[in-house]
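Engineer: for reference, the sequence and a predicted model appear below.
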Amino acid sequence: MKTALVVEDSAMMREFIISSLSTFSAIRSVEAANGFEALRLLPQKVFDIILTDINMPDINGLELLSYLKNHPNYQAIPVVIISTEKSEQDRKRGLALGAIDYLTKPFQPKDLQLIISKILKL
């Protein structure tokens, strides 16, 4: 069983992402409503993938990504950014910080499923 951490401040979008992942019987999702909550959850479980929004209060997705990639316990976890930020500059910045992929909202569930199946080899 793989575990995905979904970090998204919008409850509706969080539910949409988790619903998109539910097609995989081998993935269990854990929710975090913001970056602080994600940081609190990280030491409690082993995560196989992290999906994060960029625009969140307090700790945004890019700050979370930077923390993950600079921490020896978390730097190997693949991170996918899911954001409304559509510019090429935003995409390049996220990938330069260490994200493995970048998906823009709105998206179709199959787009996310394809990314997840490729990364987790499902």
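Structural biologist: Received, thanks. Since we're looking at a predicted model, the values are computed, not measured. Residues are numbered from 1 along each chain as shown.

Engineer: count the residues that sit near A32.
Structural biologist: Using other Cβ atoms under 10 Å as the criterion, A32 is surrounded by 23 other residues. Glycine gets a C-beta too; all of them are placed from N, C-alpha and C.

Engineer: same question for K121.
Structural biologist: Counted by other Cβ under 10 Å, the residues lying close to K121 total 7.

Engineer: and stretch 53-70, which residues are buried?
Structural biologist: The neighbour-count check on stretch 53-70 (16 or more other Cβ atoms under 10 Å) flags 53-54, 56, 59-62, 64-65, 67-68 as buried.

Engineer: stretch 106-121: which residues count as buried?
Structural biologist: In terms of neighbour count (16+ other Cβ under 10 Å), stretch 106-121 has its buried residues at 112, 115-116, 119.

Engineer: any idea how far the helix-or-strand element of the chain with minimal mean pLDDT is from the middle of the chain?
Structural biologist: Within the chain, no helix or strand scores below helix 88-96, which has a mean of 92 by mean pLDDT, DSSP states H and E. Relative to its chain's centre, helix 88-96 lies at 15 Å (Cα atoms, centre = their mean, to the nearest Å).

Engineer: if you count contacts, what does it end up packed against?
Structural biologist: Secondary-structure packing of helix 88-96 (3 or more Cβ pairs under 8 Å, 6 or more residues apart in numbering; DSSP states H and E): helix 61-69, strand 79-83, strand 101-104.

Engineer: need the residues that contact the next helix or strand after the last one.
Structural biologist: Proceeding C-terminally, strand 101-104 gives way to helix 109-120 as the next helix or strand, assigned by DSSP states H and E. With Cβ atoms under 8 Å, 6 or more residues apart in numbering as the contact definition, helix 109-120 has outside contacts at 2, 4, 16-17, 19-21, 23-24, 26-27, 48-49, 51, 78, 80, 82, 100-101, 103, 122.

Engineer: let's see helix 109-120 as PDB, backbone CA atoms only.
Structural biologist: Coordinates of the C-alpha atoms in helix 109-120 are reproduced here as PDB (Å, rounded to 0.1, in the frame of the first residue of the first chain):
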ATOM      1  CA  PRO A 109      -8.700  13.200 -12.900                       C
ATOM      2  CA  LYS A 110      -7.100  11.000 -15.600                       C
ATOM      3  CA  ASP A 111      -4.300  13.600 -15.900                       C
ATOM      4  CA  LEU A 112      -3.400  13.200 -12.300                       C
ATOM      5  CA  GLN A 113      -3.900   9.500 -12.400                       C
ATOM      6  CA  LEU A 114      -1.400   9.200 -15.300                       C
ATOM      7  CA  ILE A 115       1.200  11.200 -13.400                       C
ATOM      8  CA  ILE A 116       0.700   9.100 -10.200                       C
ATOM      9  CA  SER A 117       0.800   5.800 -12.000                       C
ATOM     10  CA  LYS A 118       4.000   6.800 -13.800                       C
ATOM     11  CA  ILE A 119       5.800   8.000 -10.600                       C
ATOM     12  CA  LEU A 120       4.600   5.200  -8.300                       C
END
